[in-house]
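K.L.:
Here's my sequence, what's the structure:
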Amino acid sequence: MSSPSILSLPLNSLSPPSLQTQEFYIPRDTLQSITTSNPKATIEQRSADSWIEVLRSQARSNLFHEAMSTYRDMTSAGIPPNNFAFPAVLKAVAGVQELNYGKQIHAAAIKFGYSSSSVPVANTLLNMYGKCGATGDVYKVFERIPQRDQVSWNSMIAALCQFEEWELAFETFRSMQLEKVEPSSFTLVSTALACSNLRKQEGLRLGKQVHGYSLRVGDVKTFTNNALMAMYAKLGRVDDAKALFDLFKDRDLVSWNTMISSLSQNDRFSEALDFFHLMVSEGFKIDAVTVASVLPACSHLKMLHFGKEIHAFSLRNNDLIQNSFVSSALVDMYCNCGQVEKGFVVFDNILERRIGLWNAMIAGYVQNGLDEKALMLFVEMQAVAGLRPNPTTLASVLPACVRCEEFSDKQGIHGYVVKLGYSRDKYVQNALMDMYSRMGKIKISRYIFDGMEVKDIVSWNTMITGYIIWGQHNDALRLLHKMQRVEGEEEHKDDNEDDNRIIFKPNCITLMTILPGCAAMSALGKGKEIHAYAIRNALAWDVTVGSALVDMYAKSGCVGLSKRVFDEMANRNVITWNVIIMAYGMHGEGGQALELFKNMVDGGVNPNEVTFIAVFAACSHSGMVKEGLTLFYRMKDDYGIQPTPDHYACLVDLLGRAGQLDEAYKLINTMPSQLDKIGAWSSLLGACRIQKNLELGELAAKNLIQVEPNVASHYVLLSNIYSSLGLWNKAMEVRKNMKEMAVRKEPGCSWIEYGDEVHKFTAGDMSHPESKKLHGYLEILSERMRKEGYVPDTSCVLHNVDEDEKENLLCGHSEKLAIAFGILNTPPGTTIRVAKNLRVCNDCHVATKFISKIVEREIIVRDVRRFHHFKEGICSCGDYW
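P.N.:
Alright, predicted model coming up:
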């Protein structure tokens, strides 16, 4: 939930004092006594001047309804309005945005001859129509003013800003200068606002021109500088805003609020807090905007204690705590810090709850996984509070709709969005894309994405994330490429000088999302390109990007590069440590993984549940049974981590790989009854496949199929056990059951990167353009391997066919095809990197050792479990996998 900021305040909060001629002021108490005592006598006795003075005083005091009532009484008494009455009543109408009443006043001004002959009346008509949102009327009034003065132009520019016609507002500023009308401070404030809402490069170019003009004419007023600071910050040039802040001395509260808000909105939270402390030390009294701007910094830095201090200050100042911006920021702060209950206490104690506060509380529930509560509050907001959801509400609640099991009509919420008229809202479209991606309906997500009139960086990141989640890594990489080519084709087709400018530059979220896709396909070249981009754009130092780079290099087979990136990171969190421990574990270096775990703990980083999963996996791949068991039995007492089903599954795998199947089975039986045993039984079944243990394998499969009858891997592993033992009838029976249950086995696939493409090979598939060539090469290579002593392991063929056919089938395994492609298409001596979605079979493992020796290449294969580094006929796993 984004907090309100100085960048989004109404224009008048940044505007200079009134440019109208100073008028006689009637004190408020005197004014009230005039308008409330014996009204009939007053109406009869009051002169025309008295009527008009009361009317103007009420308008100046923002007593808009009273001013409108006075105007009605005045005209009813037969007093005609004049050149002073019309501006006053029109200001009142603009204040309450009563368009129909304003049109009546306009008609009266025409009747009395003031609408075009009096520039002040015409100017207030402009202002009134602008505040009431009547676009067409603003243009008509402006065009009919015979002699436009400075206020006329200022009112027109302000109205265009009100209508968010930013380009037109700037063009009007230029026209004003062409008409030889000198811009004022008010003009510069409005024009700076317009520039801040243009496309970044264009807005910055024009904004600098406005800034330069203000310097040439010597306009160094505080409110002008405030507007320029807000402009620079909104265009992403926070350092320029800071430089401007430092240059002028007459800073006011708005100056400080602008700077704090700018830093906070640009994720420079520590600096925002520094400015806040400096502001207080210089004696400025904080207001609602200050509080609402500084609380997001507390929220993102998880500085709950400081946030509570600000909350206490707000409680001592009732005007602050009841401010909707402040209360929303407090709710957001508590929820981001995991204190949802305290966030609700703030929410519950606010007397007048506006839509922003409801949105903050709903978003807080969603962020903390309390989806049912979020949905209940969403319903209450409409049914009880009578509020209509806005785009922010819907964007916040949509993730809860897709995650909450009780909410069955998930696509129905899309219909509700359409009914409310928000289906074309960018933020709602982003949330809908995310919802459909999570539901697995990636085509609908792409349909929404392609239909968006305006995309932002979140739109691209959401679509890329959807592809990554569902394993469509090539589509994700293609979209990343397209994202950076959008420039001149869409956004700048009429702007030749900027044709090569990239509009959507990948950010930290983009990189941390796409890098796992590179890792999944062993697309090392693409990963290195992304790493270089991250360095050039100062993104590599972000802890999330750094962690993703460590993971990418590790999963691409470059554990050395992975460790180098890790060592160069200035900041590391528990995720970074987990990734590097997992990296060494996957590469069979369990001892190094344990050493890293020790360094992590010694460095003051507390391990979490995932840390122990990484450590146990490392021990499993290296046969370090004793070390793994010792840590398992110490994790609760020494580290406060309660064993989860995933930890038990890792331990069963550790024991099973080491051949200790009975101990693994006993461990499953000692698991607390409330824990899910599916992962543990699955690990035992996989171990029985390796050890060819029929009795425990059947028992594990039986337990798994009872709970998950539609999971293919349970049937496949059991069938593999039967096939490896020559029990073909039982194997066929299992496969028959799969067919009857409509359970399909995942085909074996392998990937290899070559040039700018990632080539995919599937077992037995002849669709690749070089398939015939590859099969022919493998036959030749097989003959050379036989001469070196290679004997095909036909037990890996899970079909009851003759031995020759089994050997032919072995040649068609996807990893062999990928390796052959790499040998034929890369220079001699080049390392070949292949990724596979399943476990490498025994025959492919033996064959690859022979191939690495014959072709004198290092071959790195990553299967679903671990890495195999083949070199000179030896595998790094030591045949323990």
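
K.L.:
how about the CA coordinates for the host helix or strand of Ala272, as PDB?
P.N.:
Applying DSSP states H and E as the criterion places Ala272 in helix 269-281. Below are the C-alpha coordinates for helix 269-281, written out as PDB (Å, rounded to 0.1, in the frame of the first residue of the first chain):
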ATOM      1  CA  PHE A 269      14.600   4.800   3.400                       C
ATOM      2  CA  SER A 270      17.700   5.300   5.600                       C
ATOM      3  CA  GLU A 271      18.200   8.800   4.000                       C
ATOM      4  CA  ALA A 272      14.500   9.600   4.500                       C
ATOM      5  CA  LEU A 273      14.900   8.900   8.300                       C
ATOM      6  CA  ASP A 274      18.100  11.000   8.400                       C
ATOM      7  CA  PHE A 275      16.200  13.900   6.900                       C
ATOM      8  CA  PHE A 276      13.400  13.400   9.300                       C
ATOM      9  CA  HIS A 277      15.800  13.600  12.300                       C
ATOM     10  CA  LEU A 278      17.500  16.700  10.800                       C
ATOM     11  CA  MET A 279      14.100  18.300  10.300                       C
ATOM     12  CA  VAL A 280      13.100  17.800  13.900                       C
ATOM     13  CA  SER A 281      16.500  19.000  15.100                       C
END
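
K.L.:
That helix: what's the following helix or strand?
P.N.:
Downstream of helix 269-281, the next assigned helix or strand under DSSP H and E is helix 288-300.

K.L.:
Now the strand or helix carrying Asp662 - C-alpha only, CSV.
P.N.:
Using DSSP H and E, Asp662 maps to helix 661-669. Only the C-alpha atoms of helix 661-669 are listed here, as CSV (Å, rounded to 0.1, in the frame of the first residue of the first chain):
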residue,chain,number,x,y,z
LEU,A,661,16.8,-48.4,4.2
ASP,A,662,15.7,-50.1,7.4
GLU,A,663,16.9,-47.1,9.4
ALA,A,664,15.1,-44.8,7.0
TYR,A,665,11.9,-46.8,7.4
LYS,A,666,12.2,-46.6,11.2
LEU,A,667,12.7,-42.8,11.0
ILE,A,668,9.4,-42.5,9.1
ASN,A,669,7.6,-44.5,11.8
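
K.L.:
related to what we said a few turns ago, give me the contacts around the helix holding Ala272.
P.N.:
256, 259-261, 263-264, 286, 290, 293-294, 296-298, 300-301, 303, 306 (C-beta atoms under 8 Å, 6 or more residues apart in numbering). Every residue, glycine included, has its C-beta placed from N, CA and C.

K.L.:
what about the protein, any weak spots by pLDDT?
P.N.:
Across the chain, residues meeting the criterion (pLDDT under 70) sit at 1-46, 116, 486-503, 794-812.

K.L.:
For it, which residue occupies the most central location?
P.N.:
A centroid search over the chain (C-alpha atoms, centre = their mean) returns Val458, at 5.8 Å, as the residue closest to the centre.

K.L.:
what's near enough to touch that residue?
P.N.:
Shown in contact with Val458 (C-beta under 8 Å, 6+ apart): Tyr427, Asn430.

K.L.:
any idea how far it lies from Asn83?
P.N.:
Distance of Val458 to Asn83, computed by C-beta to C-beta, to the nearest Å: 52 Å.

K.L.:
where does the closest residue in space to Gly686 that isn't next to it in sequence fall, helix, sheet strand or coil?
P.N.:
Counting by C-beta to C-beta, 6 or more residues apart in numbering, Gly686 lies nearest to Leu717, which is 6.2 Å off, once chain neighbours are set aside. Assigned by DSSP: H, G, I helix; E, B strand; the rest coil, the conformation of Leu717 is helix.

K.L.:
For Leu717, give me its contacts.
P.N.:
For Leu717, the contacting residues are Leu685, Gly686, Cys688, Arg689, Gly697, Ala701, by C-beta under 8 Å, 6+ apart.
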